[in-house]
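A.B. asks: got a predicted structure here, sequence first:
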Amino acid sequence: MSLTTNLHRRSVPYLIYWIASTEIKTQVKKALHRLGWNPPKAIAVAEIEVPDSKIANQATAYAMELNTPSIFNHVLRTYYYGEMLAQTYGWKRDREAFYLAAILHDLGISKRFDSPDQAFELDGAQAARNFLLTNGQPDELADLVHEAIALHTSVGVADKMSEPEIRLVHIGAGVDVIAYRAEDLHPESIKAVAQELPRLGFKKEAVRVFSQQAEGKPHSPIAGLAALGFPEKIRDNPYFSE
């Protein structure tokens, strides 16, 4: 697997097209659900299997050490929402690889790894890959985790990747941040995850991080999204008050 080494701000026309087409698809699916066509089934938090291997536990401890409590709960919720969506879609995935990518996907905004000029997604991807290799994991796993993290904000790209683990980090985080693909989950399932893993003022922290990254790294993918109002989309996520 070739590794992503550069990430750049997407063009305004492309992002406008992605936002518009996503909103149309969302509204169509919601309308079909209301008519009784394939509505999402509730999935209990207890049904979600969390990997308990040595490397999974090491990664959890590492993320807890480096991320704020609010961000740590977000990366965990990313895994839970992603797993629920994988069950809903019937996607076969390497559960441990997905967990490692989800739990480590925001290392790039930590004080230790946030660089002055590189996109935080690449900062985090490189940090996660080095962590896994240092702890004896194979290159194939480290590379997959790298790509899932590097591309997790790459709208219109990550969701088209052949590897389900990459798609799931992108979509799982999207549910938690801006309600992206949330219509594919039962509202009670979304609520149950947030009760299990409290948001702790996540909207406010996410907007702060989003704006800080966009201002400090104006050529990064996050800057393009910020320019089109993504901080407002974070605040307006209808499933959560904070």
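C.D. replies: Yes, it's here. Just so we're clear, the structure is a prediction, and the values are computed from it rather than from any experiment.
A.B. asks: return the list of helices and strands in contact with the top helix by length along the chain.
C.D. replies: Across the chain, the longest stretch assigned as helix under DSSP state H is helix 12-34. Where contact means 3 or more CB pairs under 8 Å, 6 or more residues apart in numbering; DSSP states H and E, helix 12-34 is packed against helix 221-227. (Each C-beta comes from the backbone N, C-alpha and C, glycine too.)
A.B. asks: give the other helices and strands that the helix it packs on contacts.
C.D. replies: helix 12-34, helix 120-134, helix 202-216.
A.B. asks: next, format those as JSON lines and append distance to residue 70.
C.D. replies: Below are the helices and strands packed on helix 221-227 laid out as JSON lines (distance: least, CB to CB, whole Å):
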{"stretch": "helix 12-34", "distance to residue 70": "26"}
{"stretch": "helix 120-134", "distance to residue 70": "16"}
{"stretch": "helix 202-216", "distance to residue 70": "5"}
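A.B. asks: tell me the most buried of these?
C.D. replies: When you average the neighbours per residue for each of these (mean count of other CB atoms under 10 Å), helix 120-134 leads with a mean of 22.
A.B. asks: what is whichever helix or strand comes after that one packed up against?
C.D. replies: Using DSSP states H and E, the helix or strand that follows helix 120-134 in sequence is helix 139-150. If contacts are counted by 3+ CB pairs under 8 Å, 6+ apart, helix 139-150 sits against helix 95-103, helix 120-134, helix 164-178.
A.B. asks: before we move on, the earlier item: of all the helices and strands packed on helix 221-227, which lies closest to residue 59?
C.D. replies: Among the helices and strands packed on helix 221-227, the nearest to residue 59 by CB to CB is helix 120-134 (7.2 Å).
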